[in-house]
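In: Quick one, structure for this:
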Amino acid sequence: MDDDEEVVIIGAGICGLATTLALHKKGIKCLVMERAESLRNVAGAAIGIRPNGWRALDQLGIGDNLRHTAVRLKRAREISLDGGKKKELSL
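Out: The predicted structure follows:
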């Protein structure tokens, strides 16, 4: 890749920003394009991160920083929409 070339990332969501960070760590220039003019303030929203997600965040070099602000879940409930079956998941 030439020094003048950039990768264009469409969307500044979790995947777009993670991709941008990974490419940046490899020395690849990126341009992130986002349609929204500002961050949305969504009250009550949460992101659940499972073990593989934490491993990916560790590879990006941001896992430790996020662990300091994360609220650890004590349990989770998985609900199937096709049969109404519920099961507890150990975390």
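In: what number of residues lie near residue 29?
Out: 13 (other C-beta atoms under 10 Å). For every residue, glycine as well, the C-beta is placed using N, CA and C.
In: these two touch, right, it and residue 20?
Out: No: counting by C-beta atoms under 8 Å, residue 29 stays clear of residue 20, with 9.9 Å between them.
In: can you give me the strands for the chain?
Out: Ranges of strands within the chain are 7-10, 30-33, 76-79, 86-89, based on DSSP state E.
In: Next one, pLDDT for residue 77 please.
Out: Note on residue 77: pLDDT of 69.
In: In terms of position in space, what residue lies nearest the middle of the protein?
Out: Against the mean C-alpha coordinate of the chain, by C-alpha atoms, centre = their mean, the closest residue is residue 14 at 3.9 Å.
In: Nearest residue to it in space, please, no chain neighbours.
Out: In this structure, residue 14 finds its nearest non-sequential neighbour in residue 47, 7.5 Å apart by C-beta to C-beta, 6 or more residues apart in numbering.
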